[in-house]
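**Q** Pasting the sequence and the predicted model now:
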Amino acid sequence: MNQPATTGRRLDTILLKVASRCNMDCSYCYVYHMGDEGWREQPKLMSPAVVESVAASLRTQLERQGDPFNIVLHGGEPLMLGVERLSDLCRTLRNALSASCGIHVQTNGILLSDPIIDVLVEFGVGVSVSIDGPAAVHDRFRKDHRQQATHARVVAGIERLQRRDDARPLFAGVLAVVDPASKPSEVYSCLKETGAPGLDFLVRDGNWDSLPFGKASADSTEYGEWLSGLMAEYLADPAPPRVRILDDMLRLLLGGKSYKEGVGETDYGILVVEPDGRISKNDTLKVAHASADRFERPWSILRDELSGVLASASFEDYWRQQRPTSSLCKMCPDLAICGGGMVAHRWSAKRGFDNPTVFCADQRLLIANMRNAIRLADGDAA
């Protein structure tokens, strides 16, 4: 392997938007319901030519930087590729990168058929499934295009994955979007019953100009209260699964480090490749405003080297954007724990990204409750 390059940021994660459409119509989706219509310009599926360019570019980047990176198949719904195209994609990536880089898929689970699972097993693709909790919680927002409930079909996909001895080790976990009107105990119990080894939770997207669903004001703490309730369930469980967001924040409070974007002060080199080959920033930035995820220069995997993107001034600005610029954040004693939150959640038309996260009050409440839980645990241990 060649010596790693000494210039440019390293690539940590690359999201491959292999499908620009989805077989579900979740009302809170940042891709289809947050004002950015860029998906309409994209081909429905990533073409074989783009896949070949992705694989070649990733092989070159791996040789340059030395350290492996994660590849996440994303969408839309990535399993809409179908069995044959999914198999070709995974084979192309594995032939280029062998087993050095992890390949994962983030799916809504509905298309987890046995033939699809056969492909995932053959190429060692990790699987994370989106499910928001029990049917009453999940089906409130996660419907199909006929506005029909999807919970039963998602659970069936998870169960199909779990029934197979060869596939069960690939199940990385489930991902839930928080509904602050739900009960944390019920959501935690439901997600644990899936048998997932790890749970992760996302707050609903929003910013200072468009408050997240369920937040009465920027100063209200609905999400902080919900996540604190989740923490209480987690800490009381004698045999819990991993809960990524809580684990990372508790680890930081105890002097460790975080592994989750948007928590702590670890920065990540994340790029997205769209179905047509365009190279973009993290697409969660769409939450801020239309095209916020686009670089000024229209890079494409079909003609541009990833090393050039990673060494550019535009990427450097994007990478540095992970750290908050707000003076309120810089003076805050909790900054090392919350990290300023997700970049998109800091947006306002008046100040751009020069704000704390709109979830600042929620974060501070959760962190205070975590500190109290640690103090109580220390007292019990003494």
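**A** Alright, I've got the coordinates. Being a predicted model, the structure only gives us computed values, none of them experimental.
**Q** so where do the helices sit in the stretch 101-250 of the chain?
**A** When assigned using DSSP state H, counting those that start in this stretch, the helices of the stretch 101-250 of the chain occupy the ranges 114-122, 135-141, 151-163, 184-193, 222-236, 244-253.
**Q** Those helices: which one's closest to residue 300?
**A** Nearest of the helices of the stretch 101-250 of the chain to residue 300, taken as CB to CB: helix 114-122 at 27.2 Å. C-beta here means a position set from N, CA and C on the backbone, and glycine is covered the same way.
**Q** Count the residues that sit near the closest residue to residue 268 other than its chain neighbours.
**A** Spatial nearest neighbour of residue 268, excluding adjacent residues (CB to CB, 6 or more residues apart in numbering): residue 12 at 4.6 Å. A count of nearby residues for residue 12, using other CB atoms under 10 Å, gives 17.
**Q** coming back round to it: how about JSON lines for the helices of the stretch 101-250 of the chain, with mean neighbour count, mean pLDDT and distance to residue 55 added?
**A** Formatted as JSON lines, these follow (neighbours: other CB atoms under 10 Å; pLDDT from 0 to 100; distance: least, CB to CB, whole Å):
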{"stretch": "helix 114-122", "mean neighbour count": "18", "mean pLDDT": "98", "distance to residue 55": "16"}
{"stretch": "helix 135-141", "mean neighbour count": "18", "mean pLDDT": "98", "distance to residue 55": "35"}
{"stretch": "helix 151-163", "mean neighbour count": "18", "mean pLDDT": "98", "distance to residue 55": "26"}
{"stretch": "helix 184-193", "mean neighbour count": "19", "mean pLDDT": "98", "distance to residue 55": "34"}
{"stretch": "helix 222-236", "mean neighbour count": "20", "mean pLDDT": "98", "distance to residue 55": "39"}
{"stretch": "helix 244-253", "mean neighbour count": "20", "mean pLDDT": "96", "distance to residue 55": "29"}
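**Q** Residues contacting the least confident helix or strand in the chain by mean pLDDT, please?
**A** Ranked by mean pLDDT, DSSP states H and E, the weakest helix or strand in the chain is helix 360-381, scoring a mean of 92. Applying CB atoms under 8 Å, 6 or more residues apart in numbering, the contact partners of helix 360-381 are 203, 218-225, 227-228, 231, 235, 246, 249-250, 253-254, 328, 334, 337-338, 341, 357.
**Q** cutoff 6 Å now
**A** For helix 360-381, contacts defined as CB atoms under 6 Å, 6 or more residues apart in numbering pick out 219, 221, 223-224, 227-228, 250, 253, 334, 337-338.
**Q** gap between that helix and the chain center?
**A** 25 Å (CA atoms, centre = their mean, to the nearest Å).
**Q** Now that helix - C-alpha only, PDB.
**A** The C-alpha coordinates for helix 360-381 follow below in PDB (Å, rounded to 0.1, in the frame of the first residue of the first chain):
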ATOM      1  CA  CYS A 360     -29.500  24.000  23.500                       C
ATOM      2  CA  ALA A 361     -31.900  24.100  26.400                       C
ATOM      3  CA  ASP A 362     -32.700  20.400  25.900                       C
ATOM      4  CA  GLN A 363     -29.000  19.500  25.800                       C
ATOM      5  CA  ARG A 364     -28.200  21.400  28.900                       C
ATOM      6  CA  LEU A 365     -31.100  19.800  30.800                       C
ATOM      7  CA  LEU A 366     -30.000  16.300  29.700                       C
ATOM      8  CA  ILE A 367     -26.400  16.900  30.600                       C
ATOM      9  CA  ALA A 368     -27.300  18.200  34.100                       C
ATOM     10  CA  ASN A 369     -29.400  15.100  34.600                       C
ATOM     11  CA  MET A 370     -26.500  12.900  33.500                       C
ATOM     12  CA  ARG A 371     -24.200  14.600  35.900                       C
ATOM     13  CA  ASN A 372     -26.700  14.100  38.700                       C
ATOM     14  CA  ALA A 373     -27.000  10.400  37.800                       C
ATOM     15  CA  ILE A 374     -23.200  10.000  37.900                       C
ATOM     16  CA  ARG A 375     -23.100  11.700  41.300                       C
ATOM     17  CA  LEU A 376     -25.800   9.400  42.700                       C
ATOM     18  CA  ALA A 377     -24.000   6.300  41.300                       C
ATOM     19  CA  ASP A 378     -20.800   7.500  42.900                       C
ATOM     20  CA  GLY A 379     -22.600   7.900  46.200                       C
ATOM     21  CA  ASP A 380     -24.100   4.500  46.000                       C
ATOM     22  CA  ALA A 381     -20.700   3.000  45.200                       C
END
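**Q** please begin residue numbering at 303 from this point
**A** Renumbered: residue one is now 303, and that last one reads helix 662-683.
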